[in-house]
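[1] here is the input, now give the coordinates:
(one chain, ligands or ions: 1)
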Amino acid sequence: VAERRRSWWGWGYEDAALGDEELRAMGSLLAERMGLTGSVLPAPRVADLRIGRPRLRPPAALEQLVSDDPEDRARHAHGQSYLDVLRCLEGRLERFPDLVAHPRSESELQAVLEWCSSVGAAVIPFGGGTSVVGGVDPAVGDGFAGVVTIDLAAMGRVLEVDERSLAARIQAGALGPSLEAQLRPFGLTLRHFPQSFECSSLGGWIATRAGGHFATGPTHIDDLVEALRVVTPRGVIETRRLPASGAGPQPERLFLGSEGVLGVVTEAWVRVRRRPRWRAGGTVRFASFEVGAGAIRALVQAGIQPANCRLIDPLEAQLNGVGDGTTAVAIIAFESAEHPLDAEAVRARECLRDHGGVPEGEWRSSSEEGQGGGAALAWRRSFLRAPYLRDGLMRLGVLCDTFETAVVWDRFEALHARATQAVRDALDGFGARGATVTCRFTHVYPDGPAPYFTVIAPAAVGRAEEQWRAMKQAASNAVLAEGGTITHHHAVGRDHRPWYDRERPPLFAEALRAAKRVLDPAGVLNPGVLLDAARGELE
Ligand SMILES: Cc1cc2nc3c(=O)[nH]c(=O)nc-3n(C[C@H](O)[C@H](O)[C@H](O)COP(=O)(O)OP(=O)(O)OC[C@H]3O[C@@H](n4cnc5c(N)ncnc54)[C@H](O)[C@@H]3O)c2cc1C
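    Next up is the predicted model:
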């Protein structure tokens, strides 16, 4: 079987991308509605990029691990944000790592890190490269001898499974599908399914505190990490496997969300579970998103914890083929490895009906492996296809981006209204006809939801980056002004820094800087992410 080729610029695998014919058909449908020209931007080519010569040469001992191949450098020059893909499509990718290292073991990784520290080269840890916040962008500022991206793909094995404690030791480079395939023979699963599951890695999830598909309960990777191993320029930190501990601040917490600035996560013990056998759930319609939000709040505050609990506004439901545009839709699902779920499903159904919902179908518990039918299935299909569709829409000249946050219930409505309006106003400034701003809840907690906004508009010809920046700034300012966080699960990277700096207490920033000085004295690890790029002892 031929190995599938990853796209060097866009999402996922080349064989799954939308083809030119498909795009032309879509383009003619959208041309009238959005005022597009209908023309399709060609897929970019590495040969058209201006990739300078690497500024660094590895020592002989590392030559085998390190590549300066142009495609390798281009693939590692960006993540998967709208801006990343836009720059690739417009042929404006300007910064490239000088070298890409592919260590196969911790000792090889350590050797690369030591060399980079000694010569003052910036180091960018790279898992699946699905960052949407500039987290793997080699924009490290001046003052470095060069940039070395360390790709962990060759460190992707499940090393140990403790079936008694339900935990597994897994290398950080494991991508979602491979990690799950290795756990499957044990009847186990991590069940951490971010939308980027196909191409993102365990180390990336840990470094960005990724949010999985569970809408309630333990969904952040934080909840699933039992212990960590991290290689820093000062040595290795390994934490103790414990189900829980009250012994001071938790060491793992320093590295969860550290986005590659304190060390490279090489492996983790993670909490796994038995594969679910029972599923139950269904859909509920609401007269409006606001009525739905009230019902979902009642549900989670009653202690009901569905595995899936997506509330989707009317327009987004329509765009995803799960509604007709007149009602908001909630997709609710429970799952269990142990028992049928009729009681949970009935309770949820009743609760949502009591709060203005109109449930559809029977909601019977089933032991089938399937993913449910009707709206749930349609939603799942379009959810998994969305990243490929995004790239296709961009080739047609569409601005297509998302932003997300979390906020207490008390402030949700104001945030929703202000963020939506701010984005509309920003896009109006660019004369964007047919722009849509939609919202869904990706996660819900007893004290607040995680609203996720999708923005689709015609890209301003010749000014697409400027337009995106105006939109992003307006959205981020509105989110912060109304009490939200700059990110519930997309992380900070370089793009969210200005707003992260505003939400983070100054004294905490100082403490984080101090931790970095201890672990990374030369200041080479992912400069500019979370903290300003600051060269330490080498200065
Ligand atoms: C279409 C799409 C859908 C997405 N959906 C979700 C979602 O549902 N939930 C969610 O949380 N996020 C989502 N994201 C964002 C992204 O997938 C996550 O941030 C993910 O955790 C990144 O993993 P990665 O392996 O691709 O990391 P990368 O993009 O390679 O790196 C991300 C950051 O972590 C650092 N890093 C990577 N590996 C390590 C390591 N081993 N040690 C130390 N630092 C490291 C990098 O330096 C960088 O700063 C989505 C992105 C896209 C493009």
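[2] pLDDT weak spots in this structure?
    Filtered on pLDDT under 70, the chain yields the residue ranges 1-2, 368-374, 535-539.
[3] name the helices or strands packed onto the longest helix seen in it?
    Taking DSSP state H as the criterion, the chain has its longest helix at helix 374-395. When contacts are defined as 3 or more CB pairs under 8 Å, 6 or more residues apart in numbering; DSSP states H and E, helix 374-395 sits against helix 20-34, helix 82-89, strand 278-286, strand 308-312, strand 328-336, strand 398-404. (C-beta placed from N, C-alpha, C; glycine too.)
[4] quick one: buried residues of stretch 134-147?
    By neighbour count on 16 or more other CB atoms under 10 Å, the buried set for stretch 134-147 is 134, 135, 136, 137, 138, 139, 140, 144, 145, 146, 147.
[5] next, work out how far apart the fifth one and the ligand are.
    Applying CB to the nearest ligand atom, to the nearest Å, one obtains 11 Å for the distance of residue 138 from the ligand.
[6] surely that residue touches residue 93?
    No. Assessed by CB atoms under 8 Å, residue 138 is found out of contact with residue 93, at 10.3 Å.
[7] identify the contacts common to these two.
    residue 77 (CB atoms under 8 Å, 6 or more residues apart in numbering).
[8] get me the contact residues on the stretch 51-200 of the chain for the ligand.
    Applying CB under 6 Å from any ligand atom, we find that the stretch 51-200 of the chain lies next to the ligand at 79-80, 124-132, 135-136, 152, 172, 194-196, 200.
[9] quick one: which of the buried residues of stretch 134-147 is nearest to residue 259?
    Set against residue 259, the nearest of those by CB to CB is residue 135 (5.8 Å).
[10] skip the chain neighbours and tell me the closest residue to that closest one.
    residue 493 (3.7 Å; CB to CB, 6 or more residues apart in numbering).
[11] residues contacting that neighbour?
    Contact analysis of residue 493 by CB under 8 Å, 6+ apart lists 79, 131, 132, 133, 134, 135, 137, 259, 529.
[12] quick check: the fourth one touching residue 489?
    No. Residue 133 lies out of contact with residue 489 (CB under 8 Å); the separation is 10.7 Å.
[13] three-state assignment of the residue in the stretch 401-539 of the chain positioned nearest to the ligand?
    Using CB to the nearest ligand atom, the closest approach of the stretch 401-539 of the chain to the ligand is made by residue 489 at 3.5 Å. Secondary structure, DSSP: H, G, I helix; E, B strand; the rest coil: residue 489 is coil.
[14] quick one: the nearest residue to it once chain neighbours are set aside from the ligand, how far?
    Nearest residue to residue 489, sequence neighbours excluded (CB to CB, 6+ apart): residue 211, at 3.3 Å. Separation of residue 211 from the ligand (CB to the nearest ligand atom): 4 Å.
[15] same question for stretch 286-302: list its buried residues.
    286, 289-300.
[16] just stretch 53-71 next, same as before
    Buried residues in stretch 53-71, counted by 16+ other CB under 10 Å: 54, 56, 58, 62, 65, 66, 67, 68.
[17] part of a strand, is the fourth one?
    No. Per three-state DSSP, residue 62 lies outside any strand segment and is helix.
[18] and it, what is it in contact with?
    101, 111, 112, 115.
[19] please apply the same query to the second one.
    For residue 56, the contacting residues are 98, 99, 119, 121, 145, 146, 148, taking CB under 8 Å, 6+ apart as the criterion.
[20] show me what the helix or strand where the last one lies is packed against.
    With the criterion set as DSSP states H and E, the secondary-structure element containing residue 148 is strand 147-151. With contacts defined as 3+ CB pairs under 8 Å, 6+ apart, strand 147-151 has these neighbours: strand 99-101, helix 106-119, strand 122-126.
[21] go with 10 Å
    Strand 147-151 makes packing contacts with strand 66-67, helix 70-75, strand 99-101, helix 106-119, strand 122-126 when contacts are defined by 3 or more CB pairs under 10 Å, 6 or more residues apart in numbering; DSSP states H and E.
[22] now for residue 357: which residues touch it?
    Neighbouring residues of residue 357 by CB atoms under 10 Å, 6 or more residues apart in numbering: 283-287, 291-292, 294-296, 298-299, 327-330, 332, 348-351.
[23] redo the buried residues of stretch 286-302 as CSV? Include distance to residue 19 and secondary structure.
    Output for those, formatted as CSV (distance: CB to CB, whole Å; DSSP: H, G, I helix; E, B strand; the rest coil):
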residue, distance to residue 19, secondary structure
286, 37, strand
289, 35, helix
290, 40, helix
291, 41, helix
292, 37, helix
293, 39, helix
294, 44, helix
295, 41, helix
296, 38, helix
297, 43, helix
298, 46, helix
299, 42, helix
300, 42, helix
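[24] what parts of the stretch 301-450 of the chain come near the ligand?
    By CB under 6 Å from any ligand atom, the residues of the stretch 301-450 of the chain that approach the ligand are residue 387.
[25] rerun at 8 Å
    By CB under 8 Å from any ligand atom, the residues of the stretch 301-450 of the chain that approach the ligand are 386, 387, 390, 442.
[26] determine which two of the residues you listed are furthest apart.
    Maximum distance among those (CB to CB): 16.3 Å, for 390 and 442.
[27] quick one on the thing from earlier: of the buried residues of stretch 53-71, closest to residue 43?
    Nearest member of the buried residues of stretch 53-71 to residue 43, counting by CB to CB, is residue 67, at 22.8 Å.
[28] name whatever forms a beta bridge with the closest one.
    residue 100 (DSSP bridges).
[29] so what's it up against?
    Counting by CB under 10 Å, 6+ apart, residue 67 has contacts 54, 58, 73, 76, 97, 99, 100, 101, 102, 149, 151.
[30] ok, 7 Å please
    99, 100, 102 (CB atoms under 7 Å, 6 or more residues apart in numbering).
[31] any chance of these in CSV, plus distance to residue 266?
    As requested, the contacts of residue 67 are exported to CSV (distance: CB to CB, whole Å):
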residue, distance to residue 266
99, 20
100, 18
102, 14
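[32] which stretches in the stretch 101-250 of the chain count as helices?
    Assigned by DSSP state H, counting those that start in this stretch, the stretch 101-250 of the chain shows helices spanning 106-119, 176-183, 202-208.
[33] among those, which is the most enclosed?
    helix 202-208 (a mean of 30; mean count of other CB atoms under 10 Å).
[34] which strands and helices sit next to that helix?
    strand 264-271 (3 or more CB pairs under 7 Å, 6 or more residues apart in numbering; DSSP states H and E).
[35] quick one: is the strand it packs on near the ligand?
    Yes. Contact of strand 264-271 with the ligand (CB under 8 Å from any ligand atom) involves 264, 265, 266.
[36] sweet, I'm off.
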